[in-house]
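Asks: From the sequence below, what's the structure:
(chains A, B and C)
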Amino acid sequence: MVAVRGSITGRGPDWGRIGLHVGCLAVLLVMLYPLAWLAATSFKPADEVISSLRLLPSRIELGNYATALEGVGGVSVLRLIGNSLIISVGAVLGNVLSCSLAAYAFARLRFTLRGPLFALMLATIMLPQHAVLIPQYIVFNQLGMVNTFWPLVLPKFLATDAFFVFLTVQFMRGIPKELDEAATLDGCGPFRTFFRIILPLSRPALITTAIFTFIWTWNDFFLQLIYLFEPEKFTITLALRSFVDTSSQSAYGPMFAMSVIALLPIVLFFMAFQRFLVQGMASSGVKG
Amino acid sequence: MPDKSPKQRTLPRTGIKASALTFAVLTLCGLLAGCGAGTNGSAGGEVELQFSWWGNADRAAATNEAVDLFEQRHPNIEVQTSFSSYNSYIQKLATQAAGGNAPDVMQLDYRQISQYASSGLLLPLGDRPEVGTGKVGSGMLRTGQVRGTQYAIPMGRTSQVLVYDSAEWQRVGVSEPRLDWTWRDWSAAMRELNENTGQAGSTDPGWSEDWFEVWLRGRGKSLYTDSGELGFDKSDLAKFWSFTNGLSQRGAVSPARQTTQIDGSAANMPFGRGNAASGITWDSAVGGFQALIGDSLRLAPLPSGPDGTPGQYFKPSMLVGVSANSAHPEEASQLVDFLINDPEAGDVLGVSRGMPVNQDIREDITPSLSGLDERIADFQQRLEGKLLDPPSAPPSGDLALQTTFQRDYDHVGFELRTPRRMAEQFLTSVRSELQQ
Amino acid sequence: MNVEAPDQRLSEKPRAEKPAEPAEAEGTRRKRKREGAAWVFLSPWLLGAAVLTLTPMLVSLYLSFTEYDLFTAPEWVGLDNYVHMFTEDPRYWRSAVNTLVYVLVAVPLQLAAALAAALALNSIGRGKGFYRSAFYAPSLLGASMSIALVWRALFNDGGTVDDLLSSFGVNMGGWVNQPGWALLVVALLTIWQFGAPMVIFLAGLQQIPGELYEAAEVDGAGRLRRFRSVTLPMLSPVLFFNLVLQTIQAFQVFTPAFTVSGGRGGPADSTLFYTLYLYDRGFTASHMGYASAMAWVLLVVIGIVTALLFRSSRSWVFYNDKG
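Replies: Now for the predicted structure:
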């Protein structure tokens, strides 16, 4: 918004903004080089994948994609992507729902133990997850949920990602209090205030939660490794790792090809949802 | 991106709602399907076994084919298979076992079985009538024993190997390794290679406990005694590290900057990257070098001790065991027997787990091998009868020491500490690991 | 017990900030209703915390006083793990120092990069969506196997970066493979993936009401002045969030080092970070009791740092809900 105003007052070409474009493009050129290298490598013939440092392959080798598209261990790529999608989308729904509920309580409602519980919630992300992996595995094993998608999705419906609860709390606290006070005067209880006022205004936080949850769940290797047994339930992230085995022969070319394939859904998800980030308070309704 | 038109305000909101709804439905269907499949499996009065291993896609394809064959033979048994790469597998199996959920049949590493057996996780296989071991050499069979009890059966055999590019060696006029060369011959060859090529002659062998073991055995010692005590002392290790690090400082073997990146894969080995004229590895991992070096790749034994005592040995590339908690020990043992002894399974599995341990199957499939597999078979053939028996399975704790060994040698390689000092530190770690 | 330190501060904080809380003036009936509503909103979290997070945490606290090899029953050893950690394990201290250096390098630089990018994007106008996606692109990958290979290819002996420098006559002989540089290479991977804090900053910038800028402009405030007196205070809750969370995450750095160094933390232990060593002790060496003890020491340290950040926030974080 700062700049929008700047351009209105400025006369002639806006040199400041042009400089900004040039600067961003220059930084991006360096930043995106590794990604370009990764994408280009997926087209390199086997002997160049590891040894060649040149960006472009000497000839385009599509064999890597052919191998990758065959899938892994008899499971098709579509199945792998489908499994990843189910888990990631489930996680998104769970996190958006449960984290906003908990965040509202922490941000706006007064209750006994609020401070200690908030600290407790933060403490849950301070303990390295490797230390609780075994106890959690035992819980899910007792529940009969090992080798299903539940251990990867259910925790999200129970707001176990304190990161997103805290994130949403910070955003809700940025919403002017007059708004819910007005609602309260109009006779809205906490539930209506939440759904009518707070939730719509927290959209940047919810969208952010959705985007991050999707990408992070998609890329999360360790939990998927531990909880999924049958290859039919494998995700694309798990499959990706199976191309590289230091104890036998690795297939680096197909691994790069598979990385590119695995990247496509999250790129699409990000592109689709990042547009919604634009709509924040500034444009959507505080004016009234 | 337009972000201030008034229309835009309503559009995305419905967009979110619609897509969220679709996602919700899809996800629920998926979750139910995933859950349903989990419960279906145990129904129907059939026996269901879980079998997991580590390896790459080739091994997975061969194994699945063999498992299909097994299921045809035993229509009442259904085998659910799973695999991951080595490092992932170790963690996954540990987590499953800790949760009381280990697979019925599991592939095991030589370094794992002591711990798994002594924790009561493995079923003793010696008294299972289903498992035949008559065709497995006694020395090889012993590698699956812990304190005299057979807990696992080797699935394949491998041996230490020096891989080199024969064309390169001929070009620079260095004579190729002989079957009975010693570490002294080896270091002379490394220096000569370095002088003639300007590159390192080989990977620095100081990084791995595996190659130290070969060096030790050549001197009549061992990493561990049969009773699981330490089989060497501080001065042995200090001597080995001074020897390898001395060569590294002179350029005869790879510098620390390259040695530190070795993780067992060909791509991270100086030889694989074209920075050295040879490399030291297991013959089961030679395939990776073949892809990088080409057809002039040759296999030679590791050097012997000063009096010609061979240090290398036939090691189980991996073993297979049955979970002590398995609900179907009989069927699980049948699967183990099938993987080891069935001729048809042998044909299907080929050398995907190293050379088969069953003599009949080994002889049976050898003529059909070609290319690199043939060269590996030939390499093992040349060593047959010349090597000493393999050591007993390493004691629990060795899995951790393997990494510690490499970490400690890094400090020697980068000249942060002397070989003697680090040898001392390594032995402190060994003592605290072996206590437990 | 260590949770108590942040506890008190947190429970005081919101109240301290609201001298005239209107809710206080409301009737007790409404208050009680609100209290009940709060527990309803909290119920999923409470269930998850009780079953899936806090119980496993307490189990790991218990395990930290035992020798537990994963497969046989844990054996009570009292404070042995803690004593061993502090007095007999040089690698433990190495990993603690590495982690501290990493936190001090990676957190400020990543946040600075993210904030700079977010501010640039917020005023760039045309092509905003493109730039946002492009800056986020590196973060899409996480620390996958392929990015580890790319990173090694870039920063290896004779890699792309070396190649480039050697044309200026500088010969480094690699970065990722030298004890003096490897930690920076890993930190660079994290800094490079600044997408997450950037998006959070952007969302925060979106939340600033345009009227504030208009008012500031009417008052004759220039660009810099508007940034200092409008953007910065209004962004402070989000800045605070990013600072706290990135710090917590940096203390637990695992994946980038795990993939780049192949899990060993080399060369010469220079990227052996705290959680990497913890994982190594717990899963490779099967000393889960020791690993749990390490985890709880880290929790205490992070708890103290977080509490200090919360305390400092009173003087620089501005909340809009002051009533």
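Asks: which helix in the chain runs the most residues?
Replies: Answering for chain A, as no chain was given. Across chain A, the helix with the greatest residue count (assigned by DSSP state H) is helix A:77-108.
Asks: Not quite, go with chain C.
Replies: helix C:90-122.
Asks: That one close to chain A?
Replies: Yes. If you take CB under 8 Å from any CB of the partner chain as the test, helix C:90-122 does meet chain A, through C:120-122. Glycine gets a C-beta too; all of them are placed from N, C-alpha and C.
Asks: Now do the same for that helix: mean pLDDT, whole number.
Replies: Averaged over helix C:90-122, pLDDT sits at 95.
Asks: And it, what's buried?
Replies: If you call a residue buried by 16 or more other CB atoms under 10 Å in any protein chain shown, then helix C:90-122 has these buried ones: C:91-92, C:94-96, C:98-99, C:102-103, C:105-107, C:110-111, C:113-115, C:117-122.
Asks: Then stretch B:222-232?
Replies: Of all the residues in stretch B:222-232, those buried under the rule 16+ other CB under 10 Å are B:222-224, B:228, B:230-232.
Asks: Please apply the same query to stretch C:246-258.
Replies: Buried residues in stretch C:246-258, defined by neighbour count with 16+ other CB under 10 Å: C:246-258.
Asks: ok, and which of the residues you listed reach chain A?
Replies: Among the buried residues of stretch C:246-258, the residues lying close to chain A (CB under 8 Å from any CB) are C:248, C:252, C:254.
Asks: packing partners for the helix or strand encompassing the first one?
Replies: Spelled out, that is residue C:248. Element membership of residue C:248, judged by DSSP states H and E, is helix C:232-251. If contacts are counted by 3 or more CB pairs under 8 Å, 6 or more residues apart in numbering or on different chains; DSSP states H and E, helix C:232-251 sits against helix A:162-172, helix C:90-122, helix C:195-206, helix C:288-316.
Asks: And that helix, how far out from the chain middle?
Replies: With CA atoms, centre = their mean, to the nearest Å as the basis, helix C:232-251 stands 9 Å off its chain's centre.
Asks: now stretch B:393-403
Replies: Centroid separation for stretch B:393-403 versus its chain: 13 Å, with CA atoms, centre = their mean.
Asks: Same question for stretch A:124-131.
Replies: With CA atoms, centre = their mean, you get 19 Å for stretch A:124-131.
Asks: Format the CA atom coordinates belonging to that stretch as PDB.
Replies: Taking Å, rounded to 0.1, in the frame of the first residue of the first chain, the C-alpha atoms of stretch A:124-131 are listed here in PDB:
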ATOM      1  CA  THR A 124       5.400 -29.000  23.000                       C
ATOM      2  CA  ILE A 125       7.400 -27.600  20.100                       C
ATOM      3  CA  MET A 126      10.500 -27.200  22.200                       C
ATOM      4  CA  LEU A 127      11.200 -30.900  22.700                       C
ATOM      5  CA  PRO A 128      12.900 -32.500  19.600                       C
ATOM      6  CA  GLN A 129      10.400 -34.800  18.000                       C
ATOM      7  CA  HIS A 130      12.900 -37.700  17.900                       C
ATOM      8  CA  ALA A 131      12.500 -38.000  21.600                       C
END
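Asks: what comes into contact with it?
Replies: Residues from elsewhere that reach stretch A:124-131, judged by CB atoms under 8 Å, 6 or more residues apart in numbering or on different chains: A:160, A:162-163, A:222, C:49, C:53-54, C:57, C:60, C:248, C:252, C:254, C:274-275, C:278-279, C:282-283, C:291-292, C:294-296, C:298-299, C:302-303, C:306.
Asks: one step back: packing partners of the longest helix of chain C?
Replies: helix A:15-31, helix C:128-140, helix C:182-192, helix C:195-206, helix C:232-251, helix C:274-279.
Asks: 6 Å instead, please
Replies: Applying 3 or more CB pairs under 6 Å, 6 or more residues apart in numbering or on different chains; DSSP states H and E, one finds that helix C:90-122 contacts helix C:128-140, helix C:182-192, helix C:195-206, helix C:232-251, helix C:274-279.
Asks: got the ones you listed as JSON lines, with mean pLDDT columns?
Replies: Output for the helices and strands packed on helix C:90-122, formatted as JSON lines (pLDDT from 0 to 100):
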{"stretch": "helix C:128-140", "mean pLDDT": "91"}
{"stretch": "helix C:182-192", "mean pLDDT": "94"}
{"stretch": "helix C:195-206", "mean pLDDT": "90"}
{"stretch": "helix C:232-251", "mean pLDDT": "94"}
{"stretch": "helix C:274-279", "mean pLDDT": "96"}
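Asks: Just put the ones you listed in CSV and tack on distance to residue B:62.
Replies: CSV is the format used below for the helices and strands packed on helix C:90-122 (distance: least, CB to CB, whole Å):
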stretch, distance to residue B:62
helix C:128-140, 35
helix C:182-192, 37
helix C:195-206, 41
helix C:232-251, 42
helix C:274-279, 32
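Asks: and residue B:182, which of these is closest to it?
Replies: Judged by CB to CB, the one of those that comes nearest to residue B:182 is helix C:182-192, at 36.6 Å.
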